Structures are given as C-alpha cells and as structure tokens.
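Chemist: structure of the sequence below:
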Amino acid sequence: TWNTNKLDHMINNTLTNLFNTKVSVFDSVTKTKDNSHMRVLTLRDVLLLGNQYKDQIDHCRQFSGKETYEIEQHYKDCKRRLPVFTTSVLCGDGVKDITQLNNILCIDIDEQDNPGMDPEKVKDDLMTIPSVFYVSKSVGGRGVFGLMSIEPTDDFKGLFNLIKNQIYYVTGYIIDKSCS
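Modeler: Reported below is the predicted structural model:
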C-alpha cells in the first residue's frame with residue numbers, strides 16, 4: 001500500500017539543490033565502459049545540452065515509430081550518437097563504477113508500455129506529482145522522461161517499485177522497468 005506521508009518525507013530538497021546535483025555524462029550509450037568518454041556536469045547543464053543537440057534530436061524524431069526494420073535501425077543508430085547521462089548516480093571509471101548516489105530518479109514512460117499515450121498529456125499528468133520537478137519528451141518524441149526528487153536509499157529497487165506502483169495508481173501510466 002502507498003503511504004503519502006512517505007512521499008511527503010521524500011520531497012525534502014529544493015529545486016536549486018536538485019539542478020546543481022553532479023551527474024555523469026557519457027559521449028554516447030556505446031561509450032559508458034570507462035571515464036575517457038565521460039564528464040561530470042550539473043544536472044542543469046546536462047538538461048541544457050539538449051539545445052546543442054536539437055538538430056540531431058529532430059533528425060532522430062523523423063524516424064521514431066516507423067515500421068520497417070531499416071528505419072527502426074536508423075532511429076536506433078541516431079539515438080546511439082547522442083550523449084547519455086546518469087541522474088541517480090555519479091560514476092567513476094564507467095557506468096558500473098558508482099561513486100555517489102543522487103537523490104534523483106529518472107522515469108521513462110513510453111508508447112511501448114502505454115499504447116496510444118499522448119506525450120503532452122503525460123507531461124501534464126506527471127507534473128501534478130509533487131516530487132516530479134522536470135519532464136520532457138524523449139528523444140523519439142513519442143515518450144516522456146521525468147525527474148523526481150527522492151530520499152537517498154540503500155534499497156533503490158524497492159523505492160523504484162514503490163514509486164512505479166504509485167505513478168500507475170495515480171495516473172494509469174506504466175514506467176519503463178529499465179529505469180530501475
């Protein structure tokens with residue numbers, strides 16, 4: 001069962017502190033094994049990177065949701081060339097070397113798990129959840145990712161499952177399990 005007092009307790013950080021959180025940014029999803037392709041930026045700076053990659057993101061969106069194998073592969077290749085970041089952890093020597101846990105959870109809601117969803121409605125619905133402090137369309141433009149303030153925990157998977165169930169209960173949306 002969901003305990004709203006626990007949610008209220010989890011929301012104890014200011015937006016300024018959240019956006020100043022240090023996160024790891026990798027050149028691409030294929031270059032996350034070591035720190036030679038990684039840099040550390042504030043979450044604010046990472047989110048602003050989207051402006052630098054706007055043309056590439058728009059190019060990727062042209063191929064999102066297309067039905068042929070070739071177009072799907074082009075979309076995946078396009079996405080692989082974009083930088084990726086870790087909001088929940090700061091990494092040392094690659095993505096598997098966690099040096100710091102952050103109090104931010106990234107959630108991903110996509111059409112694969114939520115057929116017929118309207119990304120703009122999902123964004124609006126997510127922003128009604130008190131701990132959600134940022135939402136945006138995904139690279140493909142057909143899904144949404146959101147950032148939530150969480151209380152640091154040793155049981156990340158348990159907290160993720162609690163939040164996943166609450167978001168489903170409140171909004172009806174299924175969070176992509178890869179976020180856990």
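
Chemist: which sections of the chain are below the confidence cut-off?
Modeler: Flagging of the chain using pLDDT under 70 yields the residue ranges 1-14, 28, 30, 32, 34, 66, 180.

Chemist: ranges for the helices of it?
Modeler: With helices called from DSSP state H, the chain shows them at 4-10, 15-19, 43-52, 54-61, 69-80, 119-126, 156-171.

Chemist: looking at the ones you listed, spot the one closest to His37.
Modeler: Each of the helices of the chain was checked against His37 via C-beta to C-beta, and the shortest separation belongs to helix 69-80, namely 12.7 Å. In this view, the C-beta of every residue, glycine as well, is placed from N, C-alpha and C.

Chemist: and that closest one, C-alpha only, in PDB?
Modeler: Taking C-alpha atoms only, helix 69-80 is exported to PDB below (Å, rounded to 0.1, in the frame of the first residue of the first chain):
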ATOM      1  CA  TYR A  69      13.300  -2.700 -39.800                       C
ATOM      2  CA  GLU A  70      15.700  -0.400 -41.800                       C
ATOM      3  CA  ILE A  71      14.100   2.800 -40.500                       C
ATOM      4  CA  GLU A  72      14.000   1.400 -36.900                       C
ATOM      5  CA  GLN A  73      17.700   0.700 -37.100                       C
ATOM      6  CA  HIS A  74      18.400   4.200 -38.500                       C
ATOM      7  CA  TYR A  75      16.500   5.600 -35.500                       C
ATOM      8  CA  LYS A  76      18.500   3.400 -33.000                       C
ATOM      9  CA  ASP A  77      21.800   4.400 -34.700                       C
ATOM     10  CA  CYS A  78      20.800   8.100 -34.500                       C
ATOM     11  CA  LYS A  79      20.000   7.800 -30.700                       C
ATOM     12  CA  ARG A  80      23.300   6.000 -30.100                       C
END
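
Chemist: I appreciate the help and will end here.
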